[in-house]
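Enquirer: Quick check, what structure comes out for this input:
(one chain, ligands or ions: 2)
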Amino acid sequence: MTNIILETKNLTKSYPLNGVEVQALRGVNLGIESGEFVAIVGPSGCGKSTLLSIMGGLMFPTSGQIFLEGEDLNAHKEREKAQLRRDHIGYVFQSFNLLADLTAAENVEFPMVLANMPESERRSWVQELLKRVGLSDKADHLPDELSGGQKQRVAIARALANRPDIILADEPTGNLDSATAAEIIDLLIGLNRKDSVTLVMVTHSPDDAASAHRSIHLRDGQIEN
Ligand SMILES: Nc1ncnc2c1ncn2[C@@H]1O[C@H](COP(=O)(O)OP(=O)(O)O)[C@@H](O)[C@H]1O
Ligand SMILES: [Mg+2]
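Expert: Ligands and ions are numbered 1, 2, ... in the order given. Next up, the predicted model:
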């Protein structure tokens with residue numbers, strides 16, 4: 001047995017666009033080991049976001065399979081799949097995707113509510129997560145009252161809500177200035193090194209890619225060797 005946590009087999013994805021098929025992925029095979037930090041790099045439009053969404057079960061491939069801890073993700077009913085996603089995967093997006101009407105604390109708490117975590121447990125875990133991302137003093141702020149870097153910290157705390165084994169981050173620093181970006185990368189790297197969270201990150205930054213254990217280069221929907 002290897003300790004492959006996430007594996008894709010022959011993934012393809014085509015999007016219909018004005019009657020033509022856009023081939024976004026053309027047979028992607030990869031394996032991510034538990035505890036790894038893997039960067040996914042490649043030019044704009046090469047399929048990075050598509051790959052990450054499919055790996056995380058947020059989108060179906062046109063063909064191929066995704067194995068999460070050995071489980072064929074898309075062989076499960078939607079409800080079980082949602083549970084697998086919730087229990088194992090945390091997502092971080094370039095555009096933060098926070099709920100605008102909820103405070104920082106409520107955003108972090110939201111996935112815990114979905115996972116039926118008891119309220120008493122939720123409250124202390126939210127506090128601890130906000131502390132971990134350095135935002136204890138912003139718990140009651142709405143997203144609009146936070147800077148980009150602070151929003152991304154909330155999003156990272158939210159991604160950790162259900163103690164995921166793996167974090168999938170799609171250009172998490174794409175909307176941030178370089179100093180703030182460096183802080184967010186340090187935070188993510190810390191989760192990988194200290195807390196052994198497996199990290200798969202799409203990035204355009206050669207520096208960020210250099211801090212990963214390895215990089216996967218995508219081009220025209222395929223892995224380049
Ligand atoms: N919803 C969609 N409908 C049609 N084409 C799409 C859609 N999403 C992505 N694409 C196309 O698929 C290809 C890969 O896109 P994407 O995965 O977003 O690449 P990247 O993240 O590397 O920039 C691109 O050609 C893009 O235009
Ligand atoms: Mg993208």
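
Enquirer: phi, psi of Asp220?
Expert: phi 50, psi 40 (degrees, to the nearest 10).

Enquirer: Around it, how many other residues sit close by?
Expert: By the criterion of other CB atoms under 10 Å, Asp220 has 14 neighbours. Quick note: C-beta positions are derived from backbone N, CA and C, even for glycine.

Enquirer: Please apply the same query to Thr103.
Expert: 19.

Enquirer: Quick check: it vs Leu176, distance?
Expert: 21 Å (CB to CB, to the nearest Å).

Enquirer: for Leu142, same thing?
Expert: 19 Å.

Enquirer: who's more crowded, these two?
Expert: Leu176 (20 against 16).

Enquirer: give the contact list for the closest residue to the more buried one other than its chain neighbours.
Expert: Leaving aside its sequence neighbours, Leu176 sits nearest to Gly148 (CB to CB, 6 or more residues apart in numbering; 5.1 Å). Contact analysis of Gly148 by CB atoms under 8 Å, 6 or more residues apart in numbering lists Phe96, Asn175, Leu176, Asp177, Thr180.

Enquirer: if I've got this straight, Phe60 is in a helix?
Expert: No: assessed with DSSP: H, G, I helix; E, B strand; the rest coil, Phe60 is coil; it does not lie in a helix.

Enquirer: Quick check: the closest residue to it other than its chain neighbours vs ligand 2, distance?
Expert: Distances taken as CB to CB, 6+ apart place Asn74 nearest to Phe60, at 6.4 Å, with adjacent residues excluded. To ligand 2, Asn74 is 21 Å away according to CB to the ion, to the nearest Å.

Enquirer: Could you do Leu84 as well?
Expert: Taking CB to the ion as the measure, Leu84 falls 24 Å from ligand 2.

Enquirer: so that residue sits right up against Lys77, yeah?
Expert: No: applying CB atoms under 8 Å, one finds Leu84 not in contact with Lys77, separated by 10.6 Å.

Enquirer: Of the two, give the one with the bigger neighbour count.
Expert: Neighbour totals were compared for Leu84 and Lys77, and Leu84 leads with 16 against 8 (other CB under 10 Å).

Enquirer: Can you list the helices and strands that the helix or strand where Thr50 lies packs against?
Expert: Per DSSP states H and E, Thr50 falls inside helix 48-55. If you count contacts as 3 or more CB pairs under 8 Å, 6 or more residues apart in numbering; DSSP states H and E, helix 48-55 packs onto strand 4-17, strand 20-33, strand 37-41, strand 166-170, strand 198-202.

Enquirer: redo that, cut-off 10 Å
Expert: Judged by 3 or more CB pairs under 10 Å, 6 or more residues apart in numbering; DSSP states H and E, helix 48-55 is in contact with strand 4-17, strand 20-33, strand 37-41, strand 63-68, strand 89-93, strand 166-170, strand 198-202, strand 214-219.
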